[in-house]
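*Asks:* One predicted model, sequence on top.
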Amino acid sequence: MSYNFAFLDEYAKKEVRRSILKAIAIPGYQVPYASREMPMGRGFGTGGLQLTLSLIGEGETLKVIDQGSDDSVNAVNLRHFIEKVCPGIHTTTHTTEADLIQSRHRIPEIPLREDQIIALQVPYPDALVVVESSEEKRKIMHGEADYSRLLVKLYEDIVKFDEITLSHRYPTRINGHYVIDPSPIPRWDVPKMHQSPALILLGAGREKKIYAVPPYTVAEPLAFEDVVFRVENFNDPATGQRRVCERCGADDSFLDEFIDAKSGEKVYQCSDSDYCDSRMAHAEGKPC
Amino acid sequence: MGYVAIKGGGQAIAGADQVLEALRCAEGEAGESLALSAIENQLRYLHGRVLSEGGLYHPKLASLAIKQMQGDTLEAAFALRAYRSTRPRVPGPQLIDTRLMRVTRRISSSFKDIPGGQRLGATFDYALRLMRMELVDESPEAFKATAARFFKDIDIADIPDSFPKVLDNLREEGLLAPTPAGREQVAFDITREPLIFPVSRSAALATMARAETGSLLAIAYSNMRGYGDVHPTIAEVRVGYVPIMLPHPETGELIEAGEVLMTECEVVAMYEADEDDGGLPTFSLGYGACLGHNETKAISMAILDRSLQKGMKDGASNPSEDPEFVLLHVDGIESMGFANHYKMPHYVTFQSDMDRLRATQNKAPTQGDAS
């Protein structure tokens, strides 16, 4: 049994590309599309995958990451599948070499360029779902840019906990109108969307929506004048010092936290494996 | 210390594939590979369920999917559905007239006698659910002789080709509203268009036709038990083979491309007076249909069609009347995919969650203070 280039039939790819164009034309608007079933589970990145498959062509270079890592099981699985159904494409783990990056839960640390596109996998496309379960009603709220209930939720958080408790999927207003769910990227990555030189595409396969943050577009996380948006805090509460990656020494990256099996101590490493490896390569001779 | 993210994913996946395959063939010397025809014939209901939930009438691939996925209905339907994504749409089939169905079974619970008669056909309805121990070591001779013996005394010419529909009688008597004017003539294609609410009835029916049987049953049952009030009577359930007519690619002339096994159910529900135009009250109708032989699914779908119509008209007063609630949660491929995706790493988001929790804990007054 032989499959078409990029698995999907040409009509399906055309539909996805038309939806992408619409999404770029209306920044932050969720364009409904007839998402196709992919041969991997719904929830495993089928929305991002359909974006990738519709855009990629022969000779282009792809990077696939999951949780910041190129080598995570799902990233490997997606990359193998795309390589199999797209003969003639190249794959890389280096952010700087990629034309197209498909990612789950992270935007790479190295700033992206104008000639790059990042496709984010999205489980919940609608930031309003936390306050309104009906899609029909949410659509009206988006149209009217009515985000009052979302702001009330943030306010209630402050009253209850003295903190905004939203950790990831932080609601972000695009181009002054539509508020998007930026996919489960940490708050750390949200500022990277603002005025990004690279096109950011978001694909929700199960929920059948495509939306975009076009290049050089305003992306503002929802906050208040007196309670500003804050990214994750990696300072050691005891010393006040910013924690660093125990491998490459970076003090400017999102860190994964885990317990060292030998010493039983808490250690931190870069979540973005390519960023960490690139820094290691630069600093030759450093123990790994 | 090395990089401790999830490394070696490729090897792990290859290993998992090998274990799956080894388990499928675990009988070793004593085993025999399942023939696809055995799956289609001896596991008919499983096969029909996969055809219907996969949304693709391809009996051979459905059998293969069941074999490959080792009997997991959700996975098998999923494989069939993914295969479908690689195929372009042929010009849409014409409306199918189920009056032309070669019926293997049709019953009505609303009338004792119906034109053409009740035909019980193949059903477990009145079978005793007692273990038939003779099947444990079934003799191949007995197995092979059974079908031949069944057909021996049947005069094929005696069997009518098709049967009239019970609904037609109800319509003639004015008990059921006539087919509404302005009804959709072209069915909404859920495989090529996204559902945007509010959706048309045909979009709802198409979504339910390939929904997961258990999901439809659970929501329909909630309506039957008390979270709703459809109170259905089955006008007709019929099972059989329906001819599919497609335009000839050259001449455009309609030709029979083949036939599909399907189940159809029409339920009649309590009447409502139409207050708007002062017309006579009539029974209302719910419709269910699916590929394969799956009466539980067709009945559940018919009840939900009726409850959704009510919800669309008057607003939902319970879950089974809410189109978004029903239609966005009954697809097996979507719901099982999402349930299983939680097994994937969520380190980044969890790190972010911990950051928020710690920040909140640091601000909260310590417990000792209060007491």
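*Replies:* Arrived safely, thanks for sending.
*Asks:* and the helix or strand where residue B:168 lies, how far from the chain's centre?
*Replies:* Element membership for residue B:168 (DSSP states H and E) is helix B:166-172. Relative to its chain's centre, helix B:166-172 lies at 26 Å (Cα atoms, centre = their mean, to the nearest Å).
*Asks:* So which other helices or strands are in contact with the strand or helix carrying residue A:281?
*Replies:* If you go by DSSP H and E, residue A:281 is part of helix A:273-282. For helix A:273-282, the packing partners by 3 or more Cβ pairs under 8 Å, 6 or more residues apart in numbering or on different chains; DSSP states H and E come out as strand A:61-66, strand A:266-270. All C-beta atoms are positioned from the backbone trio N, CA, C, and that covers glycine.
*Asks:* rank these by pLDDT, which is bottom?
*Replies:* Across the helices and strands packed on helix A:273-282, strand A:266-270 has the smallest mean pLDDT, namely a mean of 92.
*Asks:* quick revisit: including distance to residue A:116 and mean neighbour count, could the helices and strands packed on helix A:273-282 go into CSV?
*Replies:* Putting the helices and strands packed on helix A:273-282 into CSV (distance: least, Cβ to Cβ, whole Å; neighbours: other Cβ atoms under 10 Å in any protein chain shown) gives the following:
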stretch, distance to residue A:116, mean neighbour count
strand A:61-66, 9, 26
strand A:266-270, 20, 20
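*Asks:* Serialize those strands to JSON lines and add fields for distance to chain B.
*Replies:* Output for those, formatted as JSON lines (distance: least, Cβ to the nearest Cβ, whole Å):
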{"stretch": "strand A:61-66", "distance to chain B": "7"}
{"stretch": "strand A:266-270", "distance to chain B": "6"}
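*Asks:* Ok, which of those strands comes nearest residue B:62?
*Replies:* Closest approach to residue B:62 among the helices and strands packed on helix A:273-282 is made by strand A:61-66 (31.4 Å; Cβ to Cβ).
*Asks:* just to revisit the earlier point, tabulate the helices and strands packed on helix A:273-282 (JSON lines), appending distance to residue A:248.
*Replies:* Below are these laid out as JSON lines (distance: least, Cβ to Cβ, whole Å):
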{"stretch": "strand A:61-66", "distance to residue A:248": "17"}
{"stretch": "strand A:266-270", "distance to residue A:248": "6"}
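*Asks:* so which of these gets nearest residue B:64?
*Replies:* Per Cβ to Cβ, nearest to residue B:64 of these: strand A:61-66, 28.8 Å.
*Asks:* picking up where we left off before, so what touches the helix holding residue B:168?
*Replies:* B:108, B:110-111, B:114-115, B:176, B:178-179, B:235-236, B:266, B:268, B:283, B:285 (Cβ atoms under 8 Å, 6 or more residues apart in numbering or on different chains).
*Asks:* Which member of the residues you listed is positioned nearest chain A?
*Replies:* Nearest to chain A, judged by Cβ to the nearest Cβ, of these is residue B:285 at 24.9 Å.
*Asks:* Pull the number of nearby residues for residue A:86.
*Replies:* When neighbours are counted by other Cβ atoms under 10 Å in any protein chain shown, residue A:86 registers 19.
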